[in-house]
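Q: any chance you can model this:
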Amino acid sequence: MTVALRTLLDRSVKKMGKGMKPMVKAAALEMVERAYTERITVQISAGHRSLEEQAALYGQGRVYSYNGKNYSNLAKPIVTNAKPGQSYHNYGLAIDFFIVSDDGKRAIWTVDSKWQRVAAIGKDLGFKWGGDWSSFKDYPHLEMTGGLSFKQLQAGKEPHLTFKLEKMEMPKTNKGDSHIISIQKTLNSRYKTNIEGDGFYGPKTRSALIKGLQTELNKQYNKKLVVDGKWGPKMKNATVIIKKGASCNITWILQAALYMEGFNPGPLDGDFGGKTEAALFQYQKASKISADKIAGKVTWNELFA
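A: I've put the predicted structure just below:
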């Protein structure tokens, strides 16, 4: 039996982790979907990478220390020439991928016509492929840099990214995640956000969720926030605690945000039940914040900052 597209997408979201730029994440999932329509089963194997994780990779096959810690690992071969801060993975701007067997049980690392086709789909979406590099070819690697250097990124400059959906020749219903489309439609009808129901979690959908939260905080708690879809210290301080047993539109916003991050809260019904609690707990653990199963200031800030 062929592995389900939803399985490949869920695995990919989990592997990309926190810290991915929304446009890069959306383009990566779009690539998985497009490949699936061509009967190529592909999965993202890596996304955001911390500086410490980069140090561990760079230390393979070398004697190397970073920030006073020894990352030398001569027992393994060299896999990268990028030191911490010198990989676009460190900024949420790069992914790695691999082909999986039709049943989804085996990774296939052979760079054949299927692999090259996936790379071509990625390039069509705006990625640059490591297989095109003149030296140290990195065939699993795709990056979307916005034209910025590592020095510019280290200085805090934000890249301008373009998600090239206009070339897609598939019906709109196959464009993105159906649950995200439903969330986008609810945001439009409930909060008049007027965003496209494309099934991808990008900056506009994130802003729409924040607008929804601002609206509900004003309505339910008289917080007197400006409904502008922007997150800042005032917004963080205005958040309220949501926990198991709550049943309101703020719970729905929490459920929607958790789903966008790849943690399934069950039905998006506004009821904080066991599945929502479990998804919140897993999200908090993955984000390395207090896993208290309660959505408070720290959790809200992690979701939207």
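
Q: can you show me the helices along this protein?
A: 5-16, 22-37, 51-58, 113-124, 150-154, 178-191, 203-221, 233-238, 249-260, 274-287, 297-304 (DSSP state H).

Q: could you dump the ones you listed into CSV and include mean neighbour count?
A: Heads up, the C-betas are built off the backbone N, CA and C, glycines and all. Formatted as CSV, the helices of the chain follow (neighbours: other Cβ atoms under 10 Å):
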stretch, mean neighbour count
helix 5-16, 18
helix 22-37, 23
helix 51-58, 18
helix 113-124, 18
helix 150-154, 14
helix 178-191, 18
helix 203-221, 19
helix 233-238, 14
helix 249-260, 24
helix 274-287, 18
helix 297-304, 19
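
Q: just send those helices back as a markdown table, with mean pLDDT too.
A: What follows is the helices of the chain, written out as a markdown table (pLDDT from 0 to 100):
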| stretch | mean pLDDT |
| --- | --- |
| helix 5-16 | 92 |
| helix 22-37 | 89 |
| helix 51-58 | 95 |
| helix 113-124 | 95 |
| helix 150-154 | 90 |
| helix 178-191 | 93 |
| helix 203-221 | 95 |
| helix 233-238 | 94 |
| helix 249-260 | 94 |
| helix 274-287 | 89 |
| helix 297-304 | 94 |
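
Q: among those helices, which comes closest to D138?
A: D138 lies closest, by Cβ to Cβ, to one member of the helices of the chain: helix 113-124, at 11.0 Å.

Q: CA atoms only for the closest one, dumped as CSV, please.
A: Only the C-alpha atoms of helix 113-124 are listed here, as CSV (Å, rounded to 0.1, in the frame of the first residue of the first chain):
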residue,chain,number,x,y,z
SER,A,113,15.8,10.6,-12.0
LYS,A,114,13.2,10.8,-9.2
TRP,A,115,15.6,12.6,-6.9
GLN,A,116,16.5,15.1,-9.7
ARG,A,117,12.8,15.6,-10.4
VAL,A,118,12.1,16.5,-6.8
ALA,A,119,15.1,18.9,-6.9
ALA,A,120,13.6,20.5,-10.0
ILE,A,121,10.2,20.9,-8.3
GLY,A,122,12.0,22.6,-5.4
LYS,A,123,13.9,25.0,-7.7
ASP,A,124,10.6,25.8,-9.5
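
Q: go ahead and measure how far that helix is from the middle of the chain.
A: 20 Å (Cα atoms, centre = their mean, to the nearest Å).

Q: go on, stretch 126-138?
A: That offset, for stretch 126-138, works out to 22 Å (Cα atoms, centre = their mean).

Q: contacting residues around N218?
A: Residues near N218 by Cβ atoms under 8 Å, 6 or more residues apart in numbering: K224, L225, V227.

Q: run the last query once more with 6 Å
A: L225 (Cβ atoms under 6 Å, 6 or more residues apart in numbering).

Q: going forward, count from 59.
A: All set: I'll call the first residue 59, so the last point we hit is now N276.

Q: please tell me how far it sits from E110.
A: 41 Å (Cβ to Cβ, to the nearest Å).

Q: low pLDDT regions in the stretch 109-258 of the chain?
A: 220-234 (pLDDT under 70).

Q: all strands of it, in order?
A: 123-124, 127-128, 152-158, 165-166, 186-187, 199-201 (DSSP state E, counting those that start in this stretch).

Q: what sits up against the first one?
A: If I follow you right, that is strand 123-124. A113, P142.

Q: check the offset of it from the chain's centre.
A: With Cα atoms, centre = their mean, you get 28 Å for strand 123-124.

Q: what lines up beside that strand in the sheet?
A: strand 127-128 (antiparallel) (DSSP bridges).
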